[in-house]
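Q: Need coordinates for the following:
(2 chains)
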Amino acid sequence: QKEVEQNSGPLSVPEGAIASLNCTYSDRGSQSFFWYRQYSGKSPELIMSIYSNGDKEDGRFTAQLNKASQYVSLLIRDSQPSDSATYLCAVNTAWGSGNTGKLIFGQGTTLQVKP
Amino acid sequence: DVKVTQSSRYLVKRTGEKVFLECVQDMDHENMFWYRQDPGLGLRLIYFSYDVKMKEKGDIPEGYSVSREKKERFSLILESASTNQTSMYLCASTTTGNYGYTFGSGTRLTVV
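A: Numbering: from 1, shown residues only, chains lettered A, B, ... in the order given. From the prediction side, this is the model:
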């Protein structure tokens, strides 16, 4: 069973701090990694994708990937109350001609940013 | 702006009714997915389709069927709705490869 694990939280950080969200995955052959943000009652929204080891930055968001250790993380700098949401980690374990793009999701981490 | 459109935002149905949830995407994506999301259980895959008229069971297909007659449309059918099918239903699509999903806005279904 291919798995993606996240701490459900809630993770509580003060406004302006760095929020660090972590995710581990079981399939060493995984190829692509995604972070989705989901506000309460809404559908998930893709905020970051990462495919190779290292860091990828987009505004206040940085995704970090370490394939040897099988973890991916999301850092949110200068956290704002509007960042309060559930963050879902998703992994695509397929490759080649059989890659339908199907993702395996973690359970999500709830982030609370307090003013 | 690319879109995945789910026909209903909220739906209330009676036990035993046949329920159709519709999903349409305008991105020419090959792959479409239906999930349900419940508190504490995360996203669970019901069915997916990688081509017109093709379908694959996900993790929880019991009590559901799907139809994909056209590339842009993927329908989820609850053959005989039951109260344990009360949930948020999410449709998603993606092109083949490693690009992530685009989700629809979701349908919150209540079966009474």
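Q: Run through the chain and note the low-pLDDT ranges.
A: I went with chain A, as the question did not name one. Counting by pLDDT under 70, chain A has low-confidence residues at A:1, A:95-99.
Q: nope, chain B please
A: For chain B, applying pLDDT under 70 flags the ranges B:1-2.
Q: Get me the contact residues on it for chain A.
A: Within chain B, the positions adjacent to chain A are B:30-31, B:33, B:42-43, B:45, B:48, B:50, B:90, B:94-106 by Cβ under 8 Å from any Cβ of the partner chain. Where you see a C-beta, it was placed from the backbone N, CA and C, and this is true even at glycine.
Q: just checking, A:S20 touches A:L75?
A: Yes. A:S20 lies in contact with A:L75 (Cβ atoms under 8 Å); the separation is 5.5 Å.
Q: Going by neighbour count, which residues in stretch B:48-56 are buried?
A: The neighbour-count check on stretch B:48-56 (16 or more other Cβ atoms under 10 Å in any protein chain shown) flags B:F48, B:S49, B:Y50, B:K55 as buried.
Q: no no, stretch A:27-45
A: A:D27, A:S30, A:Q31, A:S32, A:F33, A:F34, A:W35, A:Y36, A:R37, A:Q38, A:S43, A:P44.
Q: Where does the second one sit, in terms of helix or strand?
A: In this assignment (DSSP states H and E), A:S30 forms part of neither any helix nor any strand.
Q: Many thanks, I have nothing further to ask.
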